[in-house]
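A.B. asks: Need coordinates for the following:
(one chain, ligands or ions: 3)
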Amino acid sequence: MTKRVVLLPGDGIGPEVTAAARRALEAAAKRFDISISLEEHDFGGIAIDNAGDPLPEATRAACLAADAIFLGAVGGPKWDMQEKRPEQGLLALRKALDVYANLRPMRVLPGMEEYSPLKPEIARGADMIIVRELTGGTYFGERVEGRERATDETLYTRGEVERVARVAFETARMRKKKLTSVDKANVMATSRLWRATVNDLHKAEYSDVALSHVLVDAMAMKLIQAPSQFDVILTENMFGDILSDEASVIAGSIGLSPSASLGGGVGLYEPIHGSAPDIAGQDKANPVGSILSIAMMLRHSFGAEEAAKAVENAVEATIEAGARTADLGGKMGCKEAAGAVVERILG
Ligand code: NAD
Ligand code: IPM
Ligand code: MN
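C.D. replies: Residues are numbered from 1 along each chain as shown. Ligands and ions are numbered 1, 2, ... in the order given. Alright, predicted model coming up:
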């Protein structure tokens, strides 16, 4: 059956990395005989400009009817201080899709240690996956704006914590069976609920997984002190946003990091970086995070493991061959670097 894929290029470098992702998906579909249909829709700042809404009804409907969605990036200085902002569309889309589990893998590729801001011997072997809760917490609590007083409510229920913790335990079972849950239980009530819920689930169903708890401030430290000790990291929405940018750069560039947002049926796939206004429109963006997001789409939405592996292998071989963008010390533009991966996907 034909897989219906919705592409949301968005803003800034979004359209550039989406073009790269599209070529990679088309190449994998051709090589592995997967039937796909592709459609692009306005989303984010461009949708505010064209339709007055970051998530227009037509885009929402197309996403809800899709088999999988790819998003480039949204946002930019143009819309930053407006009442309607591109980021609101992204939160609304994640909520509408109920994609509560956001998987953000990070791996330092062998031979790439010198591109890490950390010492090579510290970066070497780092290979982790952050499972970030994506539809709750401070991002979705009640917000009161104000010039003198403002609040952002942080709310979690046991059910919300349990369902994302289950994804993390299952992920750990398929890897080194090591789970680190990150919270701020020394201060926050939501973190104490988080920790108790994770402990209960561990005891009841996942005692074969080694579980530890780390406070988020210490985690920020340990991530750069000894990143290779971590396997699966489970954390709430806001902490996961911050720690995943930190973790991504250990591999050399935020431009390398993909993500999959799962749970509600339709998967949403996006690189973890933003619209990078400083390099937008210059063909400088690293397309790898987007192409690896396509690998995650092939794996998690289409069950096409062989195709997913082929895309990942193509990316690794391309980087190893020195075909890199400027963020990794290379000379290639986004298009050329994507082309080098696509060639290898086609075999
Ligand atoms: P950013 O991730 O866009 O950029 C941070 C730095 O990383 C910049 O120097 C940028 O040039 C660099 N960078 C990012 N992606 C890169 C790539 N693929 N290749 C090479 N270098 C890359 O973060 P920011 O500047 O804080 O945010 C810019 C805008 O993006 C904001 O409006 C923010 O809200 C939005 N944003 C959107 C998403 C999303 O759509 N999922 C994610 C994060 C930020
Ligand atoms: C991300 C981004 C988003 C987030 C913003 C743009 C709403 O930073 O996907 O990491 O904070 O989740
Ligand atoms: Mn982020």
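A.B. asks: Close to ligand 1: what parts of the protein are there?
C.D. replies: Within the chain, the residues that sit near ligand 1 (CB under 6 Å from any ligand atom) are 13, 17, 73-76, 87, 90, 253-255, 270, 273-279, 285-286, 289, 327. All C-beta spots, glycine's among them, are computed from the backbone N, C-alpha and C.
A.B. asks: Apply 5 Å and report the result again.
C.D. replies: 73-75, 254-255, 273-276, 278-279, 285-286, 327 (CB under 5 Å from any ligand atom).
A.B. asks: which residues in the stretch 151-300 of the chain form helices?
C.D. replies: 158-173, 189-205, 216-225, 237-250, 288-300 (DSSP state H, counting those that start in this stretch).
A.B. asks: What are the buried residues along the longest one?
C.D. replies: Spelled out, it's helix 189-205. For helix 189-205, a neighbour-count test (16 or more other CB atoms under 10 Å) marks 190-191, 193-195, 197-198, 201-202 as buried.
A.B. asks: Emit the PyMOL select command for whichever of the residues of the chain next to ligand 1 are buried.
C.D. replies: Listed next is the PyMOL selection for buried residues among those, using 16+ other CB under 10 Å:
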select buried, resi 73+74+75+254+255+273+274+275+276+279+285+286+327
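A.B. asks: With pLDDT and distance to D231 added, can I get the residues of the chain next to ligand 1 in JSON lines?
C.D. replies: Below are those laid out as JSON lines (pLDDT from 0 to 100; distance: CB to CB, whole Å):
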{"residue": "A73", "pLDDT": "98", "distance to D231": "28"}
{"residue": "V74", "pLDDT": "98", "distance to D231": "31"}
{"residue": "G75", "pLDDT": "98", "distance to D231": "32"}
{"residue": "I254", "pLDDT": "98", "distance to D231": "21"}
{"residue": "G255", "pLDDT": "98", "distance to D231": "24"}
{"residue": "H273", "pLDDT": "98", "distance to D231": "24"}
{"residue": "G274", "pLDDT": "98", "distance to D231": "27"}
{"residue": "S275", "pLDDT": "98", "distance to D231": "31"}
{"residue": "A276", "pLDDT": "98", "distance to D231": "30"}
{"residue": "D278", "pLDDT": "98", "distance to D231": "34"}
{"residue": "I279", "pLDDT": "98", "distance to D231": "33"}
{"residue": "A285", "pLDDT": "98", "distance to D231": "30"}
{"residue": "N286", "pLDDT": "98", "distance to D231": "25"}
{"residue": "D327", "pLDDT": "96", "distance to D231": "26"}
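A.B. asks: I'd like the residues of the chain next to ligand 1 as CSV, with distance to ligand 2 appended.
C.D. replies: Shown next, in CSV, are the residues of the chain next to ligand 1 (distance: CB to the nearest ligand atom, whole Å):
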residue, distance to ligand 2
A73, 8
V74, 7
G75, 6
I254, 10
G255, 14
H273, 8
G274, 6
S275, 9
A276, 12
D278, 16
I279, 17
A285, 16
N286, 16
D327, 17
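A.B. asks: Now the closest residue to ligand 2 within the stretch 201-347 of the chain. Nearest residue, chain neighbours left out?
C.D. replies: Distance from ligand 2 to each residue of the stretch 201-347 of the chain (CB to the nearest ligand atom) is smallest for D241, at 4.3 Å. Counting by CB to CB, 6 or more residues apart in numbering, D241 lies nearest to R132, which is 6.9 Å off, once chain neighbours are set aside.
A.B. asks: And I34, by the same measure?
C.D. replies: A304 (6.0 Å).
A.B. asks: same deal with I319?
C.D. replies: I319 sits nearest to L109 (CB to CB, 6+ apart), 6.2 Å away.
A.B. asks: Is it correct that that neighbour is in contact with T318?
C.D. replies: No: using CB atoms under 8 Å, L109 makes no contact with T318, being 10.9 Å away.
A.B. asks: quick one: which of the two has more around it?
C.D. replies: Legend: neighbour count by other CB atoms under 10 Å for L109 and T318, higher for T318 (23 against 15).
A.B. asks: which residues does the residue nearest in space to the middle of the chain contact?
C.D. replies: The chain has S259 as the residue nearest its centroid, 2.6 Å off, counting by CA atoms, centre = their mean. Going by CB atoms under 8 Å, 6 or more residues apart in numbering, S259 touches 102-104, 244, 269-272, 293, 296.
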